[in-house]
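Student: Got a predicted structure plus its sequence, pasted below:
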Number of protein chains: 4
Amino acid sequence: MLEEPATMQPIRILVTGGTFDKEYNELTGELFFQSTHTGDMLRLGRCLLEVEIETLMMIDSLQMTDAGRRHILARCAAVPEKRIVITHGTDTMAETAAVLGPELKGKTVVLTGAMVPYTFGSSDGLFNLGTALAFVQTLGEGVYVAMNGRWFPWHSVRKDKKRGIFECVPGLGKLPIRPGRLS
Amino acid sequence: MLEEPATMQPIRILVTGGTFDKEYNELTGELFFQSTHTGDMLRLGRCLLEVEIETLMMIDSLQMTDAGRRHILARCAAVPEKRIVITHGTDTMAETAAVLGPELKGKTVVLTGAMVPYTFGSSDGLFNLGTALAFVQTLGEGVYVAMNGRWFPWHSVRKDKKRGIFECVPGLGKLPIRPGRLS
Amino acid sequence: MLEEPATMQPIRILVTGGTFDKEYNELTGELFFQSTHTGDMLRLGRCLLEVEIETLMMIDSLQMTDAGRRHILARCAAVPEKRIVITHGTDTMAETAAVLGPELKGKTVVLTGAMVPYTFGSSDGLFNLGTALAFVQTLGEGVYVAMNGRWFPWHSVRKDKKRGIFECVPGLGKLPIRPGRLS
Amino acid sequence: MLEEPATMQPIRILVTGGTFDKEYNELTGELFFQSTHTGDMLRLGRCLLEVEIETLMMIDSLQMTDAGRRHILARCAAVPEKRIVITHGTDTMAETAAVLGPELKGKTVVLTGAMVPYTFGSSDGLFNLGTALAFVQTLGEGVYVAMNGRWFPWHSVRKDKKRGIFECVPGLGKLPIRPGRLS
């Protein structure tokens, strides 16, 4: 039976930084963060969803701490929207998903990011943001990662850092969460 | 309950042309079609879905005929994949969806396109392709349009040509299909 | 002997339109003119020359009239700068140069343009503007065309429209100017 | 009197690396060198000059050594072309120019580079390459730097690293070259 879209539901985008939003500093030759490009990307995509963008932090995900993840979790729980996209560096995206997954109830959360900064022209960011916004509208409650055109539940995904891709590893997250992980 | 991805299902992309794939002819100053950019876009998106790209035609959708729509319908029915994305010009995308919708059974089909050619840099095409590939994995059987970050069932969508956006018009397609429409 | 730069001389850029400044209208699928991108291009080139940009008209050079050429000539003569770059459609760039060449004295004028609109990403415009700004600083008085990395005196240049390139045709402009050309 | 172009003279481009040719490594998030983009840039600029591209090294100019500069000087002297463009990192471009300047005779050499990698989309590289190729055709014998749309003789230029721009400092190079500089 043909699915009918529910009345369009509002979406919250929580920005945490990541390669997605990195810029090139032409004075130092280094990458750095300024403000998020998420709004520009939605305009480029002529996106007409009801979206609220909120920047939680602007960091490389290798710098993501337990406190940072707790903060993300708290905001996911606190915002009124039931559908949430999180932009996140790819290096520890699966780890953050694994923190949110067991604790967040009643919401659909999709984490996404990019392998190349949006401003560099050859970025996968716009494609990934498109998939994340689509998955967040259609997947049921739970925490997911959207990368490489695919979606993964929080407990079955990891980044293959050698190849720069995400892969499905069923059962991965079913291992007991190490105590103290979020201490 | 957290959704589990089915074993990854193969997707067929049927290319029909549209603004998506237009190029600028620098000798004449006119737009024209060469070959599709869909493969380049999937590479840019680091897409790892199992995708088969098939070019049916390369036309402006204002030139789409009933015979063309019949050909698309026949290919949708004939290909082995249950999940199909169709790239299509936006001007008559809703009309093609309305032809496929009542006749195609047992498949999930998502039509998408772009307002600006992919090669022009400021295109919505990559974003739209991302959403279409995500929707086609998660929506149930039926025919849908994916534009502006949204999805629409075939019988409830039309393009507002003055504003260049797609809108949901419930009941639109429930009008009886004019006999002879596809004669 | 090593050349010494004169005190940096001010440059006037006279904008007349051309492919350079065309935009894509996503509602009609046609190309049109809005405002010039010359300022954006100078910023992208981190250009620190003393440049004044003045838009004379925004037209396809196939629409350039004798009156239009007279207006360009009058502005070249009237502006205080001795060094002038004119952005111009490529189709009749050589014709405009041939009108300015015999009449303008005491100034260095370089016409340039692009085969692909600047906003389309794959444009030669930024390269051409760079060459034009360099030639206008170093060439002696006279009227020149800068395209394809080369410079041509006004009387020895024509566009090969089949190949979309400019070529040197010595003696071309030494033919008597047709009477009434600028009537 | 109107200048006449000499019969088109061949140009050698000596590639040494620099920001110009840096790429983003999406696995490590670091910048690195692969092969030069100079050929792509000439194609984008529809450049029809007779150009030979030769890669001498692919390094960050902060790594440029005296031996490296000696190698560049030797190649400038050895190649048959009288007109040479050198692509070079901006940080020590003026230093390399100051080594070539006093020693190279009978040739016109223009050094240029970029503040942002060519592949990053917002690069000044294409503009700078355009200016360098124009200056090398029109300036007399000597060694010059082309940046920010301007040209500077080797003995009067330095990079203001705080602002990321080149400036003319007359007399700078007239200081005696420190003995041992190239030892």
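Tutor: Looks like it came in fine. Numbers count the residues shown, from 1 in each chain, chains lettered A, B, ... in the order given.
Student: immediately after the helix or strand where residue A:70 lies, which helix or strand?
Tutor: Using DSSP states H and E, residue A:70 sits in helix A:66-78. Sequence-wise, the next helix or strand downstream of helix A:66-78 (DSSP H and E) is strand A:83-87.
Student: and that next one with chain B, contact?
Tutor: No - Strand A:83-87 is not in contact with chain B by Cβ under 8 Å from any Cβ of the partner chain; minimum separation 11.0 Å. Where C-beta positions appear, they are placed from N, C-alpha and C, glycine not excepted.
Student: Closest residue of chain A to chain B?
Tutor: residue A:130 (2.6 Å; Cβ to the nearest Cβ).
Student: so that residue touches residue B:125, yeah?
Tutor: No - using Cβ atoms under 8 Å, residue A:130 and residue B:125 do not qualify as a contacting pair, with a distance of 9.9 Å.
Student: Tell me the strands beside the strand ranked longest in chain A, with direction?
Tutor: The residue-count maximum for a strand in chain A (DSSP state E) belongs to strand A:51-59. With DSSP bridges as the test, strand A:51-59 is paired with strand A:11-17 (parallel).
Student: quick one: strands adjacent to the next helix or strand after the partner strand?
Tutor: Following strand A:11-17 in sequence order, the next helix or strand is strand A:22-25 (DSSP H and E). Sheet pairing of strand A:22-25 (DSSP bridges) gives strand A:30-33 (antiparallel).
Student: can you give me the offset of the partner strand from its chain's centre?
Tutor: Offset of strand A:30-33 from its chain centre (Cα atoms, centre = their mean, to the nearest Å): 20 Å.
Student: Put the alpha carbons of the helix or strand following that strand into PDB.
Tutor: Next along the chain after strand A:30-33, taking DSSP H and E as the criterion, comes helix A:38-44. The C-alpha trace of helix A:38-44 is given here as PDB (Å, rounded to 0.1, in the frame of the first residue of the first chain):
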ATOM      1  CA  THR A  38      24.400  23.600   6.900                       C
ATOM      2  CA  GLY A  39      22.100  26.500   6.100                       C
ATOM      3  CA  ASP A  40      23.900  27.200   2.800                       C
ATOM      4  CA  MET A  41      23.600  23.500   1.900                       C
ATOM      5  CA  LEU A  42      19.800  23.500   2.600                       C
ATOM      6  CA  ARG A  43      19.400  26.500   0.400                       C
ATOM      7  CA  LEU A  44      21.500  24.900  -2.400                       C
END
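Student: Can you point out the buried residues in helix A:38-44?
Tutor: For helix A:38-44, burial by neighbour count (16 or more other Cβ atoms under 10 Å in any protein chain shown) applies to A:38, A:41-42, A:44.
Student: From the contact counts, what lies against it?
Tutor: Counting contacts by 3 or more Cβ pairs under 8 Å, 6 or more residues apart in numbering or on different chains; DSSP states H and E, helix A:38-44 packs against strand A:51-59, helix A:125-138.
Student: Not counting its neighbours along the chain, what's nearest the residue in chain A that chain D sits nearest to?
Tutor: Scanning chain A for the residue nearest chain D gives residue A:121, at 3.4 Å (criterion: Cβ to the nearest Cβ). Nearest in space to residue A:121, with sequence neighbours left out and distances taken as Cβ to Cβ, 6 or more residues apart in numbering or on different chains, is residue D:121 at 3.4 Å.
Student: where does the one you found fall, phi/psi-wise?
Tutor: Taking degrees, to the nearest 10, you get phi 90, psi -40 for the backbone angles of residue D:121.
Student: in chain A, what spans have low per-residue confidence?
Tutor: Low-confidence segments of chain A, defined by pLDDT under 70: A:1-7, A:173-183.
Student: on that earlier part again, distance to residue A:94 and mean neighbour count added to the helices and strands packed on helix A:38-44, as JSON lines?
Tutor: Below are the helices and strands packed on helix A:38-44 laid out as JSON lines (distance: least, Cβ to Cβ, whole Å; neighbours: other Cβ atoms under 10 Å in any protein chain shown):
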{"stretch": "strand A:51-59", "distance to residue A:94": "17", "mean neighbour count": "16"}
{"stretch": "helix A:125-138", "distance to residue A:94": "15", "mean neighbour count": "28"}
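Student: In a markdown table, list these along with distance to residue A:92.
Tutor: Formatted as a markdown table, these follow (distance: least, Cβ to Cβ, whole Å):
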| stretch | distance to residue A:92 |
| --- | --- |
| strand A:51-59 | 10 |
| helix A:125-138 | 16 |
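Student: hmm, back to that, out of the buried residues of helix A:38-44, flag the one nearest to residue A:74.
Tutor: When the buried residues of helix A:38-44 are ranked by distance to residue A:74 (Cβ to Cβ), residue A:38 comes first, at 20.4 Å.
Student: Quickly note the distance from the closest one to residue A:126.
Tutor: 11 Å (Cβ to Cβ, to the nearest Å).
Student: same thing with residue A:45?
Tutor: Distance from residue A:45 to residue A:126, by Cβ to Cβ: 7 Å.
Student: Need the overlap of contacts for the two.
Tutor: Both residue A:45 and residue A:126 are contacted by residue B:127, under the criterion Cβ atoms under 8 Å, 6 or more residues apart in numbering or on different chains.
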